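# sequence and predicted structure, then a few things I'm wondering about:
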Amino acid sequence: MDSVMSCAEVLRELSNYIDGVVSPELHNKIDTHLQACESCSTMLESTRAVVQALSDDNLVDVPPGYSARLYNKLNAQLEGFGTGVTMSERRIPLGITAGQVELGSHLIHFWENDNEFARGVRFLEPGLAGDDHCVVFGNDLVTDKVFRRLEASGLDVTSLLSQRRITLLRRETSAGTTLTDIEDIFEAAVRAGAPAIRYLGNLDYGKVPLPGSGIDDVLELEAKVTSLARRFPAVVVCMYDVNTLPGKLILKGGFQTHPWAVCGDHLQSNPYYVPEAQFLHQLHAAQ
């Protein structure tokens, strides 16, 4: 476990912490987090109060159905805990289309011309108009193109970068390292109070070589990003340049690793999606 615990990690251990059944090392790590995190401290005190009340023999009978309602309310709060988002608010405007998308989604947007590229970049605009944290991933050429589109829409990219509203993640490391970097960025955004995270990844096959082992490395990253996105109040949009990408990347990377796809003016479930474990087994078996 990392030396600094995330809110999600503390929440998973909160019951054991209250019962005093965590190791001394873990107890100290949770203590350190609680001293710095008001949200987790509040959750701790609320949980302790419930435990103490339930252990009181003089506790009066509650109305019928109260326990179920309390459980449902606590469950909804826990699912949105640390994200600033309740269960009734777990959908955000997609920007690419007029509809909304559920947090935790990983989707593909193929583009062939400048208009389709601009549509993909519009995914970031509702977030930047609000309080979302945005991540832009890709090589320098394509990220510059993204920033020019944002500036054309009237956004001050330099200021947003300096305010840490946008994080730039360059496409230059292996799948494993990139995945760790994404997770670190997402955790930092949650700690900073971002209600949602918008990640825009760009993949092309131009003059800049692919990182790591090439195509297979990209495929492994794409397969694992789906489960990573589901752990956070995040939406991951991957933009694929169909003008430059080889068929293997479009077929396996675009269609088989994204549960959702932008199709024209709407978002739909992708019937070609292959679950992560099955996809990685097939990928490694073919190597």
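Great, that's in hand.

# low-confidence stretches in this protein?
Where the chain drops to pLDDT under 70, the residues are 1-3, 46, 49-89, 205-213, 287.

# domain ranges for it?
What the record gives for the chain is the domain set 7-79, 87-286, from automatic domain parsing.

# name the helix or strand for Cys134, please.
In this assignment (DSSP states H and E), Cys134 forms part of strand 133-138.

# that older thread, now the domains of the chain as CSV including mean neighbour count?
For the C-beta atoms, the positions are set from N, CA and C on the backbone; glycine is no exception. Putting those into CSV (neighbours: other C-beta atoms under 10 Å) gives the following:
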stretch, mean neighbour count
domain 7-79, 12
domain 87-286, 18
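
# would you map the helices across the stretch 151-287 of the chain?
Ranges of helices within the stretch 151-287 of the chain are 157-162, 175-191, 215-230, 247-248, 276-286, based on DSSP state H, counting those that start in this stretch.

# you'd agree Val146 is up against Val121?
Yes. With contact defined as C-beta atoms under 8 Å, Val146 counts as touching Val121 (5.4 Å).

# tell me which of the helices of the stretch 151-287 of the chain sits nearest to Cys37.
Across the helices of the stretch 151-287 of the chain, Cys37 has its closest neighbour in helix 175-191 (7.9 Å, C-beta to C-beta).

# what is that closest one packed up against?
When contacts are defined as 3 or more C-beta pairs under 8 Å, 6 or more residues apart in numbering; DSSP states H and E, helix 175-191 sits against strand 133-138, strand 166-170, strand 197-203, helix 215-230.

# please list all residues in contact with the closest residue to Leu160 other than its chain neighbours.
Counting by C-beta to C-beta, 6 or more residues apart in numbering, Leu160 lies nearest to Ile166, which is 4.6 Å off, once chain neighbours are set aside. By C-beta atoms under 8 Å, 6 or more residues apart in numbering, the residues touching Ile166 are Leu124, Leu128, His133, Cys134, Val135, Val136, Val157, Leu160.

# now do the residue nearest to the first one when sequence neighbours are not counted against Ala192, distance only.
The spatially closest residue to Leu124, leaving aside those adjacent along the chain, is Cys134, at 4.9 Å (C-beta to C-beta, 6+ apart). As for Cys134, its distance to Ala192 is 13 Å (criterion: C-beta to C-beta, to the nearest Å).

# one more: Val136?
Val136 is 17 Å from Ala192, by C-beta to C-beta.

# ok, Lys252 next?
Applying C-beta to C-beta to Lys252 and Ala192 gives a distance of 35 Å.

# go on, Phe147?
22 Å.

# do the same with Arg119
29 Å.

# again with Tyr199
For Tyr199 relative to Ala192 (C-beta to C-beta), the value is 15 Å.

# returning to that earlier point: which one of the helices of the stretch 151-287 of the chain lies nearest to Leu94?
That would be helix 215-230 among the helices of the stretch 151-287 of the chain, by C-beta to C-beta, at 14.3 Å.

# contact partners for the closest residue to Arg91 other than its chain neighbours?
Nearest residue to Arg91, sequence neighbours excluded (C-beta to C-beta, 6+ apart): Gln100, at 4.2 Å. Contact partners of Gln100, counting by C-beta under 8 Å, 6+ apart, are Arg91, Ile92, Pro93, Leu94.

# rerun that using 10 Å as the cut-off
Residues in contact with Gln100, defined by C-beta atoms under 10 Å, 6 or more residues apart in numbering, are Arg90, Arg91, Ile92, Pro93, Leu94, Pro126, Val235, Leu267.
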